[in-house]
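Colleague: Sequence and predicted structure below; questions after.
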Amino acid sequence: MAILILGIILFLGLHLVRVVAPAFRSGMVDKFGENGWKGIYSLVSIVSIVVLIYGWSISPTINLWFPPAGMSHLTVTLMLLSMICLAAAELPAGYIATKTKHPMILGVKIWAFAHLLANGDLASVLLFGSFLAWGVILRIALKRRERAGLVTPRAFVSAKYDVIAIGVGAVIWALFVWKLHLWLIGVAPIPM
């Protein structure tokens, strides 16, 4: 369990730096240059996600509760919304991106909340609960930075990007429901 907690702290701590401690990021860019910092950031991100995944995979199963059977269906449904938000975050701004302001953060929060509904073991609660808390903290920090004029919200470009986000999100979601989640995570999203 300690390796999982270490992975969570490394990954989420690193991903809070940019918003919660922008001076640290600026100092690192000054010291290593933009590309140097991006290289370090990417390397630490990869290492931390590997530690997190490994820690989760070796954690003992300690059940805190047993979710009702219908929770897996609700999780799968919520994941469609999550995938659409994640797709919208990677495209020029449509209504989804401008109305949610931070579709990547919203997508992660929906993903974490949905998985908390379907998983009652301690390792899952630590993992998904941490990501949900991270999303909430990050959104609050970004709201404060927007009010201070340090962050400019994305400007609307076209509604066609919403259609693309819905299509891409739905295709990725369908692939995960079909077999991808089973292949990557080892668990079928809807037990058969």
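Modeller: It's in.

Colleague: residue ranges of the helices in this protein, please?
Modeller: Assigned by DSSP state H, the helices in the chain fall at 2-20, 22-58, 71-89, 95-100, 103-118, 122-147, 160-175, 181-185.

Colleague: How is the protein partitioned into domains?
Modeller: 1-59, 62-192 (automatic domain parsing).

Colleague: before we move on, the earlier item: let's have the helices of the chain in a markdown table, adding mean neighbour count and mean pLDDT.
Modeller: Quick note: C-beta positions are derived from backbone N, CA and C, even for glycine. Formatted as a markdown table, the helices of the chain follow (neighbours: other C-beta atoms under 10 Å; pLDDT from 0 to 100):
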| stretch | mean neighbour count | mean pLDDT |
| --- | --- | --- |
| helix 2-20 | 17 | 89 |
| helix 22-58 | 14 | 90 |
| helix 71-89 | 20 | 95 |
| helix 95-100 | 18 | 93 |
| helix 103-118 | 21 | 96 |
| helix 122-147 | 17 | 93 |
| helix 160-175 | 16 | 97 |
| helix 181-185 | 13 | 89 |
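
Colleague: Point out the one among the ones you listed that comes closest to residue 64.
Modeller: Set against residue 64 and scored by C-beta to C-beta, the helices of the chain come closest in helix 122-147, at 5.8 Å.

Colleague: now the angle from that closest one to helix 103-118?
Modeller: Angle, helix 122-147 to helix 103-118, by axes from the mean of the first three to the mean of the last three C-alpha atoms, to 10 degrees: 150 degrees.

Colleague: Quick check: nearest residue in space to the residue lying farthest from the centre of the chain, chain neighbours excluded?
Modeller: What lies farthest from the middle of the chain is residue 31; by C-alpha atoms, centre = their mean that is 28.7 Å. Setting aside the residues directly before and after it, residue 31 is nearest to residue 37 in space (C-beta to C-beta, 6 or more residues apart in numbering), at 7.9 Å.

Colleague: hang on, isn't that neighbour packed against residue 26?
Modeller: No - counting by C-beta atoms under 8 Å, residue 37 does not reach residue 26; the two are 9.4 Å apart.

Colleague: CSV please, covering the helices of the chain and showing distance to residue 65.
Modeller: Listed next are these as CSV, based on distance: least, C-beta to C-beta, whole Å:
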stretch, distance to residue 65
helix 2-20, 19
helix 22-58, 18
helix 71-89, 10
helix 95-100, 30
helix 103-118, 11
helix 122-147, 9
helix 160-175, 26
helix 181-185, 20
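
Colleague: Out of those, flag the one nearest residue 191.
Modeller: helix 71-89 (6.4 Å).

Colleague: other SSEs contacting the closest one?
Modeller: Counting contacts by 3 or more C-beta pairs under 8 Å, 6 or more residues apart in numbering; DSSP states H and E, helix 71-89 packs against helix 95-100, helix 103-118, helix 160-175.
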